[in-house]
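In: below are the sequence and a predicted model for it; my questions follow.
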There are 2 protein chains.
Amino acid sequence: MSVRLITLKELEASIDRQEIKKGVSDALIAHAKGWIVSPQPGQLYFKEPVGDCHIKYGHTKGSKHFVIKIATGFYDNPKRNLPVNSGMVSVFSAITGELEAIFLDEGWLTSWRTAAAGAIASAALARPDAQIIAIIGAGHQAELQAAWHADVYPNASFVIAARVFEKSKALADRLQEKGLTAKAVANIEDAVASADLVITATPASSPLFRAEAVKTGTHITAIGADSLGKQELDPRIFVRAACIVVDDAAQCLHHGDFGFAVRAGLVRTEQCIALGSFLESQASRVRKQNDITVADLTGVAAEDIAIASIFLATSSK
Amino acid sequence: MSVRLITLKELEASIDRQEIKKGVSDALIAHAKGWIVSPQPGQLYFKEPVGDCHIKYGHTKGSKHFVIKIATGFYDNPKRNLPVNSGMVSVFSAITGELEAIFLDEGWLTSWRTAAAGAIASAALARPDAQIIAIIGAGHQAELQAAWHADVYPNASFVIAARVFEKSKALADRLQEKGLTAKAVANIEDAVASADLVITATPASSPLFRAEAVKTGTHITAIGADSLGKQELDPRIFVRAACIVVDDAAQCLHHGDFGFAVRAGLVRTEQCIALGSFLESQASRVRKQNDITVADLTGVAAEDIAIASIFLATSSK
């Protein structure tokens, strides 16, 4: 058995955001069409210190490979000067079951595909002329969301707001160093109220802002709620939404923000549409100027398969 | 991040069957006591070629590590001169979520802990003076079961019977080369009828022998049915059993042989006892001479955690 080991360094050297966005977008469409075999993800939860582990796995029907992605999030790690996320991705032959490759990606493939999915959802749903983009959260994924959204909205200004202002300030500074227009604000609702596009990327366990804070015409892409116990959005925002998009209805009902709104009786399951279906039919949709729209993303194995396949092909070249 | 990679060669160089049996036995007891956090395993099924993948994962409560085990079985592999099983085992910190070690074990840790569990179940349940041990199946796991049972029953004779006689003959020859007394027989029911102890280790999808073929006083350890669609035992054997042991009741009901008997209304769920509970209370149990007993094993994450922990400690020395 000869296993290819691919390190984070190699991945960083060959990353192509456009290619990843294309791959993840196609994967979301394939997921919505039922072309991906991906059983319910495995989850482990840890209390002391607080952490979680997701195992997402599956394969595109007829593909020669299957992919098993392991991603961890341990939220006290910054106190130890360690990144919150870690993990690995393994690729197996769907013909022989042999292990073919391991990405020692330290969680970055998950981070990148999540950033890609966020940018894809926003690009599909938000106003194309969005000027102010609020990033709620100041961690690793919040920073990636800003960078990947800047590709889509090169002229937008970023407003950063998080629980701890110093962290928002530090993120705004880092974004400015990268040439983006960015500022930190202390109050999350102020940031939201000013924005045409809001991205939430936190490990919050209760709503980050009231539904009333959202102005008409705003799109919200919610990234953070990816396991039980997490919540970012005021469920009442779904009542105001003209369009609710989910990456996977079952997952979003189980542990996404959408589930809170459905369980509260505020909206019905049938009111959501799969992001992949939305992307495919996008040409026929026109956003009305004052529509509020919401995308609830929990992350699907299809995205992990897509990004692993892209880097597998790149590293074989 | 520095990840320790441990190859099969290193594992083979340090294997200690007694230590593994002790560790797996303790793990089965811990599993029965609820000391192991191990969500339902992940499973993938492949049709062309026929294969499956199991993901078993979890941690001992309070442990510093958690373990994710991936094991594949692709049953046409021998046609390609490849082993049926493959896989890998990864160990993560339960404090930081960091990947600490990868066992590139090609499925062997699973094979060994499965062999250990089989031998543990037989040692606990079968007659201590078992003379004839029938091994049903002639593959990789059947061979391991013979070797690990020979540790427990050094004076027993092995009778091998499988679907293809040539394979049984080849396995009997290999066992004889290792100094065991072994012969192959063409008819599975003949082998079963002659035995005090029967071990089934096949990927069969229907019963291998009729319940009537089993003589009184025989113990059966059934290893093969580890996922949906697999079946080795005539469900009626459970009616004849004075004691039914399972490694995990939920798993055995879902995809073990025991589930077929329960669904057929032949036995009730409450008639089984967890192997770990049995092992702990073993001193107070006496097998009656004519008792038929059955152990249905589907494999639990506790075993994977145990064997990974043993080799992790060994490789750190």
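Out: That came through, no problem.
In: following the helix or strand hosting residue A:251, which helix or strand shows up next?
Out: Counting by DSSP states H and E, the element that carries residue A:251 is helix A:249-255. Counting by DSSP H and E, the next helix or strand C-terminal to helix A:249-255 is helix A:257-263.
In: ok, and for that following helix, which residues are buried?
Out: Residues A:257-262 are the ones in helix A:257-263 that count as buried (16 or more other Cβ atoms under 10 Å in any protein chain shown). C-beta here means a position set from N, CA and C on the backbone, and glycine is covered the same way.
In: adding distance to chain B, write the residues you listed out as CSV.
Out: Below are the buried residues of helix A:257-263 laid out as CSV (distance: Cβ to the nearest Cβ, whole Å):
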residue, distance to chain B
A:257, 23
A:258, 23
A:259, 19
A:260, 23
A:261, 26
A:262, 24
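In: which one of these is nearest to residue B:73?
Out: residue A:259 (35.5 Å; Cβ to Cβ).
In: how about low-confidence regions in chain A?
Out: Residue ranges of chain A with pLDDT under 70: A:1, A:283-285, A:317.
In: up against chain B, what does the stretch 201-317 of chain A have?
Out: The stretch 201-317 of chain A has no residues near chain B, with proximity defined as Cβ under 8 Å from any Cβ of the partner chain.
In: show me the residue of the stretch 201-317 of chain A that gets nearest to chain B, please.
Out: Closest to chain B within the stretch 201-317 of chain A is residue A:301: 10.4 Å, counting by Cβ to the nearest Cβ.
In: for residue A:116, give its distance to residue A:178.
Out: Counting by Cβ to Cβ, to the nearest Å, the separation of residue A:116 from residue A:178 is 18 Å.
In: from residue A:199, how far off is residue A:219?
Out: In terms of Cβ to Cβ, residue A:219 sits 9 Å off from residue A:199.
In: overlap of the contact sets of those two?
Out: Contact with both residue A:219 and residue A:199 is made by residues residue A:122, according to Cβ atoms under 8 Å, 6 or more residues apart in numbering or on different chains.
In: chain neighbours aside, what residue packs nearest to residue A:190?
Out: Distances taken as Cβ to Cβ, 6 or more residues apart in numbering or on different chains place residue A:161 nearest to residue A:190, at 7.2 Å, with adjacent residues excluded.
In: what pairs with that neighbour across the strands?
Out: residue A:136 (DSSP bridges).
In: surely it is in contact with residue A:168?
Out: Yes - applying Cβ atoms under 8 Å as the test, residue A:161 and residue A:168 come out as touching, 5.7 Å apart.
In: which neighbours do the two have in common?
Out: By Cβ under 8 Å, 6+ apart, the residues touching both residue A:161 and residue A:168 are A:184-186.
In: would you list the residues you listed in JSON lines and tack on neighbour count and distance to residue B:152?
Out: Putting the shared contacts of residue A:161 and residue A:168 into JSON lines (neighbours: other Cβ atoms under 10 Å in any protein chain shown; distance: Cβ to Cβ, whole Å) gives the following:
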{"residue": "A:184", "neighbour count": "22", "distance to residue B:152": "67"}
{"residue": "A:185", "neighbour count": "19", "distance to residue B:152": "70"}
{"residue": "A:186", "neighbour count": "12", "distance to residue B:152": "69"}
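In: need those residues in CSV (columns: secondary structure and distance to residue A:155).
Out: What follows is those, written out as CSV (DSSP: H, G, I helix; E, B strand; the rest coil; distance: Cβ to Cβ, whole Å):
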residue, secondary structure, distance to residue A:155
A:184, strand, 20
A:185, coil, 20
A:186, coil, 25
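In: and the helices in the stretch 101-250 of chain A, which stretches?
Out: Ranges of helices within the stretch 101-250 of chain A are A:108-125, A:140-152, A:165-177, A:188-194, A:237-240, A:249-255, based on DSSP state H, counting those that start in this stretch.
In: please identify the most buried of the ones you listed.
Out: Highest mean neighbour count among these (mean count of other Cβ atoms under 10 Å in any protein chain shown): helix A:108-125, with a mean of 26.
In: what about it, distance to the chain center?
Out: Offset of helix A:108-125 from its chain centre (Cα atoms, centre = their mean, to the nearest Å): 5 Å.
In: and it with helix A:140-152, angle?
Out: 50 degrees (axes from the mean of the first three to the mean of the last three Cα atoms, to 10 degrees).
In: isn't residue A:106 up against residue A:87?
Out: Yes - in this structure, residue A:106 is within contact of residue A:87 by Cβ under 8 Å, at 6.9 Å.
In: okay, the two: which has more neighbours?
Out: For residue A:106 versus residue A:87, neighbours defined as other Cβ atoms under 10 Å in any protein chain shown are more numerous around residue A:87 (26 against 22).
In: could you look up the SS state of that one?
Out: Three-state call for residue A:87 (DSSP: H, G, I helix; E, B strand; the rest coil): strand.
In: show me the contacts for the spatially closest residue to residue A:169 that is not a sequence neighbour.
Out: Excluding the flanking residues, the one nearest residue A:169 by Cβ to Cβ, 6+ apart is residue A:184, at 4.3 Å. By Cβ under 8 Å, 6+ apart, the contact set of residue A:184 is A:138, A:159-161, A:165, A:168-169, A:171-172.
In: at 6 Å instead, please
Out: Neighbouring residues of residue A:184 by Cβ atoms under 6 Å, 6 or more residues apart in numbering or on different chains: A:160, A:168-169, A:172.
In: before we move on, the earlier item: quick one: contacts for the residue of the stretch 201-317 of chain A closest to chain B?
Out: Residue A:301 neighbours (Cβ under 6 Å, 6+ apart): A:38, A:56-58.
In: show me these that map onto strands.
Out: A:56-58 (DSSP state E).
In: make a markdown table out of these and add distance to chain B and neighbour count.
Out: Shown next, in a markdown table, are the ones in strands among the contacts of residue A:301 (distance: Cβ to the nearest Cβ, whole Å; neighbours: other Cβ atoms under 10 Å in any protein chain shown):
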| residue | distance to chain B | neighbour count |
| --- | --- | --- |
| A:56 | 9 | 26 |
| A:57 | 6 | 26 |
| A:58 | 7 | 23 |
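In: around chain B, which positions in the stretch 51-200 of chain A sit nearby?
Out: A:51, A:68, A:70, A:72, A:74, A:77, A:82, A:86, A:88, A:94, A:96-99, A:106 (Cβ under 6 Å from any Cβ of the partner chain).
In: ranges for the strands of the stretch 1-150 of chain A?
Out: For the stretch 1-150 of chain A, the strands defined by DSSP state E, counting those that start in this stretch cover A:4-7, A:36-37, A:42-46, A:51-60, A:65-74, A:85-93, A:99-104, A:132-136.
In: for the stretch 201-317 of chain A, same thing?
Out: Using DSSP E, counting those that start in this stretch, strands in the stretch 201-317 of chain A cover A:219-222, A:241-246, A:272-274, A:292-296.
In: so which of those strands is the most packed in?
Out: Of all these, strand A:219-222 carries the top mean neighbour count, a mean of 28, counting by mean count of other Cβ under 10 Å.
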